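Participant: Sequence plus predicted model, see below.
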Amino acid sequence: MSTSKSMGTPLHVSSVFRPGLFDDRVAIVTGGATGIGKGITKELLFLGCTVVIASRKADRLSDGAKEIRDWLANAGQKATLHVVQCNVRKEDEVKSLISTTVDRFGKLDFLINNGGGQFLSSTADIRLKGWNAVVETNLTGTFLLCREAYNQWMKDHGGAIVNMAMDMWKGYPYMGHSGAARAGVVNLTKTLGVEWAQSNVRVNAVAPGSSIFSPTAAANYGNASIFDGAKVNIPMKRTGTVEEVSSAVCFLLSPGAAFITGETIRIDGGQSFYITPNFRLPDSKPTDMYSWQSQFDKDAPHGSKSKL
Ligand SMILES: CCCCCCC/C=C/C(=O)SCCNC(=O)CCNC(=O)[C@H](O)C(C)(C)COP(=O)(O)OP(=O)(O)OC[C@H]1O[C@@H](n2cnc3c(N)ncnc32)[C@H](O)[C@@H]1OP(=O)(O)O
Ligand SMILES: NC(=O)C1=CN([C@@H]2O[C@H](COP(=O)(O)OP(=O)(O)OC[C@H]3O[C@@H](n4cnc5c(N)ncnc54)[C@H](OP(=O)(O)O)[C@@H]3O)[C@@H](O)[C@H]2O)C=CC1
């Protein structure tokens, strides 16, 4: 999906998917008013889907919804976009989000568990409240939404779910809480893909690299250039776009992915297959090396030499 506007001409919009692909479909996108979620919401709407966006902050929801409606109007389309305030950490609010959507639109075809996040901290400094906040947001919230979507609608009618992971494949220094939670999301995705296949519910995930710039994501780290720092470790030598995440999500929701479930697609320009994520450990002396020789020297009385 790309947009351009010059001298009052209408926005040019394109998606790699055919127009009307998601006509008559209903989706929930958590965190759909900002960043990656906003990109997904726009593409789903553009393809004919009715979308409910859900997150915590009312002002963000209303600002995002207005921007999305204006954007779609410029593209000559009418958005069926609905807003629900919901903290995915709260079970009652999650139950209500799903029931409100089904009551209002008569069904729920797609669930995109995009909402989430974390803060940077060495793991040794994370307080229990902070650990719980991040795990509840990213793992428990995903579980609650999946469970309620399934029990309230998809179990009897089928559907497709896409969860959000991250580049935690080699661990995630300074985001240990989120790395652990997202690894849990990847594993939960596999489990649900198997358990719910019999109900024609597909469950997949996407794992963006530490590299998808949006103003809100950058603001969360207080530094707009933080994503540029990732480039050195990305074989494609650039950051990613929200559209590059959105197109993978739309594919996973589409009939073209009808035989794919339990899978996590990496969207990271090869970053996770290449050295480390965009963190540099402080310089330090090499750690102790083990060899038969060094062990002998260590165990030997002070000053004695190995005879091996
Ligand atoms: C170096 C390169 C980094 C590049 C990263 C690139 C990868 C990008 C990945 C992304 O995910 S981008 C998306 C960014 N957006 C977000 O993360 C938004 C969502 N995040 C949040 O809302 C918070 O981080 C949250 C903690 C998940 C939830 O916040 P909430 O407001 O609900 O929590 P609180 O109840 O206020 O706080 C709970 C508890 O958490 C601890 N804590 C929160 N913030 C911090 C912080 N900045 N530093 C340290 N600790 C923090 C703290 O213990 C809080 O409790 P109190 O001690 O304040 O009582
Ligand atoms: N940008 C990147 O490089 C990467 C991003 N990701 C993940 O992608 C997702 C989208 O991130 P991105 O768009 O970049 O960043 P944003 O900060 O723009 O998006 C986070 C969204 O999640 C919502 N959210 C956070 N906590 C909750 C909650 N408890 N309940 C409901 N909604 C919540 C926020 O809305 P509100 O605050 O109003 O609740 C916000 O809309 C996140 O899960 C993020 O961690 C993963 C890997 C890399």
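Facilitator: Perfect, thanks for sending it. Ligands and ions are numbered 1, 2, ... in the order given.
Participant: Tell me which residues of stretch 116-128 come out buried.
Facilitator: Of the residues in stretch 116-128, 116, 117, 118, 121, 126 count as buried by neighbour count, 16 or more other C-beta atoms under 10 Å. C-beta coordinates here come from the backbone N, C-alpha and C atoms, glycine included.
Participant: ok, now how distant is the last one from ligand 2?
Facilitator: Going back to what we said before, that points to residue 126. As for residue 126, its distance to ligand 2 is 16 Å (criterion: C-beta to the nearest ligand atom, to the nearest Å).
Participant: going forward, begin numbering at 307 instead of 1
Facilitator: Renumbered: residue one is now 307, and that last one reads residue 432.
Participant: ok now do that residue, which residues does it touch?
Facilitator: The contact partners of residue 432, by C-beta atoms under 8 Å, 6 or more residues apart in numbering, come to 482, 483.
Participant: about what we covered before: with secondary structure and pLDDT added, can I get the buried residues of stretch 422-434 in JSON lines?
Facilitator: Listed next are these as JSON lines, based on DSSP: H, G, I helix; E, B strand; the rest coil; pLDDT from 0 to 100:
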{"residue": "422", "secondary structure": "coil", "pLDDT": "98"}
{"residue": "423", "secondary structure": "coil", "pLDDT": "98"}
{"residue": "424", "secondary structure": "coil", "pLDDT": "98"}
{"residue": "427", "secondary structure": "strand", "pLDDT": "97"}
{"residue": "432", "secondary structure": "coil", "pLDDT": "98"}
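Participant: Check which helix or strand the residue nearest to residue 401 when sequence neighbours are not counted maps to.
Facilitator: Excluding the flanking residues, the one nearest residue 401 by C-beta to C-beta, 6 or more residues apart in numbering is residue 454, at 5.5 Å. Using DSSP states H and E, residue 454 maps to helix 447-455.
Participant: With just CA atoms, put that helix into PDB.
Facilitator: C-alpha atoms of helix 447-455 as PDB (Å, rounded to 0.1, in the frame of the first residue of the first chain):
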ATOM      1  CA  GLY A 447      -3.600 -10.200  26.300                       C
ATOM      2  CA  THR A 448      -3.100 -12.200  23.100                       C
ATOM      3  CA  PHE A 449      -4.300 -15.400  24.900                       C
ATOM      4  CA  LEU A 450      -7.500 -13.600  26.200                       C
ATOM      5  CA  LEU A 451      -8.300 -12.200  22.800                       C
ATOM      6  CA  CYS A 452      -7.700 -15.500  21.000                       C
ATOM      7  CA  ARG A 453      -9.800 -17.400  23.600                       C
ATOM      8  CA  GLU A 454     -12.800 -14.900  23.500                       C
ATOM      9  CA  ALA A 455     -12.800 -14.600  19.700                       C
END
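Participant: and the residue nearest to residue 401, what does it touch?
Facilitator: Going by C-beta under 8 Å, 6+ apart, residue 454 touches 400, 401, 403, 404.
Participant: Surely the last one touches residue 460?
Facilitator: Meaning residue 404. No - here residue 404 does not reach residue 460: they are 9.7 Å apart, not a contact under C-beta atoms under 8 Å.
Participant: I'd like the next helix or strand past the longest strand along the chain.
Facilitator: Using DSSP state E to define each element, the chain has its longest strand at strand 507-514. Downstream of strand 507-514, the next assigned helix or strand under DSSP H and E is helix 521-526.
Participant: in that next one, what's buried?
Facilitator: 522, 523, 524.
Participant: Those residues also near ligand 2: which ones?
Facilitator: Contacts with ligand 2 within these, counted by C-beta under 6 Å from any ligand atom: 522, 523.
Participant: And the pLDDT for residue 478?
Facilitator: In the predicted model, residue 478 carries a pLDDT score of 95.
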